[in-house]
Structures are given as structure tokens and as C-alpha cells.
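1. Build me a structure from this.
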Amino acid sequence: MIQMPPPSQRRWICRPPERGEFAVLVADADSGARLYLRAKLAREGLMQVDEASTGAEALQLLETRCYKLIILDLDFPDTDSWQLVRQVGESRPAVDFLLLTGSHVSRLDGVRGWFAGARACMRKPLHPGQLKQLLRNAHRAIPFLLQCDMSLPRLAVLQHCLRQGA
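-> Okay, the predicted model is just below:
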């Protein structure tokens with residue numbers, strides 16, 4: 001299990017992003033998936049991509065660089081993925097856009113991810129069209145996310161899923 005110091009004891013050393021910089025972290029145990037995501041990100045003009053193959057490596061990178069987008073796989077064999085999601089949510093400065101992927105993602109996982117700050121939760125294999133649209137939305141949405149109150153949409157999503165019997 002990955003342990004991160006409590007927020008009061010954390011020393012964030014990441015440099016602030018430069019104007020127009022859009023750093024991305026792809027955290028996935030599967031090297032083929034990381035390569036595929038890197039290619040898709042490059043097609044959308046997102047070239048500053050770091051990769052992590054373990055949960056510990058993802059946290060280490062998160063402490064040294066500020067990311068606007070994190071694509072995080074929930075199928076890490078060495079890590080409790082939901083603990084990792086929680087720790088990403090506690091990072092400062094906050095990540096603007098978090099996408100979750102996984103082989104066994106359920107509707108309930110999608111709701112749980114939404115409340116943890118994820119903007120989307122996709123089941124593998126990733127559908128190229130959906131991924132392309134999500135990446136475009138992320139690229140456009142980052143400047144506006146801090147102005148939005150996301151509490152009502154999240155509550156509406158939860159109510160909808162509960163009515164559908166997620």
C-alpha cells in the first residue's frame with residue numbers, strides 16, 4: 001500500500017506550469033496501453049506526457065511536476081487504485097482533469113470516480129472515438145474548470161445512477 005504524508009507534512013516541489021503548458025501523466029501498468037495513450041495525446045497536440053508503470057511511480061511524478069491531466073488505470077497489481085485516486089485528489093496544486101480507465105469498470109465505479117474528482121471513467125479496451133472526444137474536452141475545459149461549481153451536477157449524476165440501480 002502506498003503511503004503519502006499527511007497534507008500538513010507534504011512538501012510540494014513541483015514547478016508551476018508555464019503559460020500554455022499542458023502536462024499529462026499516463027499511469028498504467030500495461031506498456032502497450034501507455035504507448036497507445038501517448039499516441040492519442042500527441043494527435044490532440046498534447047506532447048508533454050510523462051508515464052508511470054506503478055502507483056508508487058505515479059505518486060513520485062505527481063510530487064515533482066504539476067499536471068493538468070492524469071489518465072489513471074484502476075488495474076495496478078501493486079496498488080490499491082482507489083487509495084491512489086484519493087491521493088491524486090488530495091494533491092496540491094489540484095489536478096484539473098482526471099480520467100480513469102480499467103478492465104472491470106462498473107457504473108458504480110464511475111460514480112465513485114466522479115465523487116473523487118474524475119471527469120470520466122472508461123472501460124478497456126478504450127473506444128478511440130470516446131477517448132478522442134474526452135481529450136478534446138479536457139484540452140478545452142481546463143481554463144474554465146476552476147470557475148464551475150461541480151457539486152450540483154455530481155449530485156444529479158448520483159441520483160440518476162441510483163434510480164437506474166447502478
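
2. got the contact list for the closest residue to T54 other than its chain neighbours?
-> Leaving aside its chain neighbours, T54 sits nearest to D78 (5.6 Å; criterion: Cβ to Cβ, 6 or more residues apart in numbering). Heads up, the C-betas are built off the backbone N, CA and C, glycines and all. Going by Cβ atoms under 8 Å, 6 or more residues apart in numbering, D78 touches 54-56.

3. Report the buried members of the residues you listed.
-> 54-55 (16 or more other Cβ atoms under 10 Å).

4. Would you confirm that R119 belongs to a helix?
-> No - checked against DSSP: H, G, I helix; E, B strand; the rest coil, R119 lies outside a helix; its state is strand.

5. what pairs with the residue nearest to it when sequence neighbours are not counted across the strands?
-> Residue nearest to R119 in three dimensions, not counting chain neighbours: F97, with 5.4 Å by Cβ to Cβ, 6+ apart. Here F97 sits in beta bridges with L69, as judged by DSSP bridges.

6. before we move on, what about the one 5 residues further on?
-> Residues in a beta bridge with G102, per DSSP bridges, are R123.

7. I71 versus that one, what's the distance?
-> 11 Å (Cβ to Cβ, to the nearest Å).

8. Please identify which of those two sits among more neighbours.
-> I71 (29 against 19; other Cβ atoms under 10 Å).

9. what about that one, which SS state?
-> Assignment for I71 (three-state DSSP): strand.

10. Tell me the pLDDT of it.
-> According to the prediction, I71 has pLDDT 93.

11. Provide a list of residues in contact with it.
-> 24-28, 37, 99, 101.

12. repeat that for 7 Å
-> Taking Cβ atoms under 7 Å, 6 or more residues apart in numbering, we find I71 in contact with 26, 37, 99, 101.

13. so what sits against both of G102 and I71?
-> By Cβ under 7 Å, 6+ apart, no residue touches both G102 and I71.
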